[in-house]
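Trainee: sequence and computational prediction follow.
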Amino acid sequence: MSKRRVLTGIKPTGSPHLGNYVGAIKPAIAASRDANVDSYFFLADYHALISCQKPLDVQRSTLEIAATWLALGLDPERVMFYRQSDIPEIPELTWLLTCVTGKGLLNRAHAYKAAVDANAAEGVDVDAGISAGLYMYPVLMAADILMFNAHAVPVGKDQVQHIEIARDLGQRFNHIYGGDHFVLPEAQVDENTATLAGLDGRKMSKSYDNTIRLWDEPAVMRKLVMSIVTNSLLPGVPKNPDESHVFSIYQAFATPAETAAMRKAYQDGISWGDAKQALFERIDRDLAPARERYRHYMTNPNEVEALLLRGAERAREESRPFIARLRDAVGLRSLASGVARPVHGNLDSRLELSGSGTMTADLQKMSPPELKQYRDSDGQFYFKLAEKSAGVLAQSIGFANGKDAGATIARIKRGEGAIANGELVLDGAAVAYVPDMVDPADASLALDVLVRLEAEALAKKQAQA
Ligand code: TRP
């Protein structure tokens, strides 16, 4: 059995800080040592272009981030470590996915929506200052993930929607082009990893300007640690460790035994000066050996470059044949061979071919859409429009009795319903809703197919009678 694949993208913008280290880098490197996983780590430099248009900053940050991960113990022999822009198959896949992406799906992506909402609040054009790059962010990210068929993607909560979109696009591509081309990835949100407090006690984040940078000189780091906010309890007065950011940061670095000892010191009234000094020393103990390695990579960028290029070569051993298969699947094929292969795959073409006796194996594998009635635990009656690989395409409102639900289903099957604005409408009223993550165009297509298959079946029955 092949191993579980875990993939992580790191956007090279800015300099890494302690929050990145504790919340992402340290746990990811530890996880990559697990013999049961195949880890993929890459620098998402195409993504960086969306928010940074300073070439020197992009280059500098790419080096800093690569040097950081290497210095902190990422083993490029053991894991796949590469730079996104060294894999031309990724932008190629991005386009294939773009063509199966509902525009409406991207309209609903959080980052884009937030930018639109901010514009609306300011009273300017809703798309002012928003690049198509930001709009396409989720598709590029889906290509990163699907290209290497990752099972799991460790992310923060803010990225979960992106993984859902990647799943959705992978599923849609599999569905349209018939086949298990892509593994459908899952977000892996670790509830246990600490969110580190920053200097002001809020979450440590570049956007709050409250960070302690990972590779600042020890003297600078010490000064910053000394500036972390505390209450004004005097030395000798017992302090509550659970209300102290100094303590919570200490805990993120220390072993359980060290943490227990520090907890006691707080209760015994350690001074804030001593507590902060202890914190600084504990952080420095973790970082000192890595700091030397970091300096080495920063002063020998050729070494980093060579490692990344080698990583890309290894990654492309997978991405090259895979993109060839995907190109073939969508019909980007040599004209010199087998031109007469049937065009097949989507619901429309299946419909055209159904009954004509020319269905291909792929088509036979796909299942017709269904409209199924059921009773839920609330005692009400419902129905769903579903298709095997696409899943639920519309979910009905509740009906007090089964007869009403059944009559509604019958009318929809006769073609009286229509999908409009994400609703399945009958007599001008919504009787079912298209789920958020589903492209209404798919629901509409499935409804069409359902109605036409029903009509065909009816005609056949009448002919027999
Ligand atoms: N969007 C991610 C972030 O901002 C970075 C990223 C790009 C990524 N592609 C990815 C993360 C693929 C995981 C998988 O942090």
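Mentor: Cool, got the structure. Numbers count the residues shown, from 1 in each chain.
Trainee: isn't Leu214 up against Val22?
Mentor: No. Using CB atoms under 8 Å as the test, Leu214 is too far from Val22 to be in contact (10.1 Å). For the C-beta atoms, the positions are set from N, CA and C on the backbone; glycine is no exception.
Trainee: got a list of what Arg327 touches?
Mentor: Taking CB atoms under 8 Å, 6 or more residues apart in numbering, we find Arg327 in contact with 96, 333.
Trainee: now it: which helix or strand?
Mentor: According to DSSP states H and E, Arg327 maps onto helix 301-330.
Trainee: same deal with Leu332?
Mentor: In this assignment (DSSP H and E), Leu332 forms part of neither any helix nor any strand.
Trainee: same question for the one 3 residues further on.
Mentor: Counting by DSSP H and E, no helix or strand carries Leu335.
Trainee: give me the neighbour count for it.
Mentor: Residues near Leu335, counting by other CB atoms under 10 Å, number 6.
Trainee: need the contact list for the residue of the stretch 301-450 of the chain found nearest the ligand.
Mentor: As assessed by CB to the nearest ligand atom, the ligand sits closest to Ala315 within the stretch 301-450 of the chain, at 13.3 Å. Contact analysis of Ala315 by CB under 8 Å, 6+ apart lists 40, 42, 80, 82, 86-87, 148.
Trainee: hmm, try it at 10 Å
Mentor: Listed by CB atoms under 10 Å, 6 or more residues apart in numbering, the contact set of Ala315 reads 40, 42, 80-84, 86-87, 89-90, 147-148.
Trainee: list, one by one, the residues from the stretch 151-300 of the chain near the ligand.
Mentor: Residues of the stretch 151-300 of the chain lying close to the ligand (CB under 6 Å from any ligand atom) are 153, 155, 159.
Trainee: can I get these in JSON lines with neighbour count and pLDDT?
Mentor: Formatted as JSON lines, those follow (neighbours: other CB atoms under 10 Å; pLDDT from 0 to 100):
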{"residue": "Val153", "neighbour count": "25", "pLDDT": "97"}
{"residue": "Val155", "neighbour count": "19", "pLDDT": "91"}
{"residue": "Gln159", "neighbour count": "18", "pLDDT": "93"}
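Trainee: now, which of these sits nearest Thr193?
Mentor: Taking CB to CB as the measure, Val155 is the one of these closest to Thr193, at 11.2 Å.
Trainee: need the pLDDT of Gly357.
Mentor: pLDDT, Gly357: 33.
Trainee: ok so, going back, mark which of the contacts of Ala315 are buried, thanks.
Mentor: Among the contacts of Ala315, those classed as buried by 16 or more other CB atoms under 10 Å are 40, 42, 80-84, 86-87, 89-90, 147-148.
Trainee: in helices, which of those residues fall?
Mentor: Of the buried ones among the contacts of Ala315, the ones assigned to helices by DSSP state H are 89-90, 147.
Trainee: of those residues, closest to Ala446?
Mentor: Among those, Met147 lies closest to Ala446 (CB to CB), at 28.1 Å.
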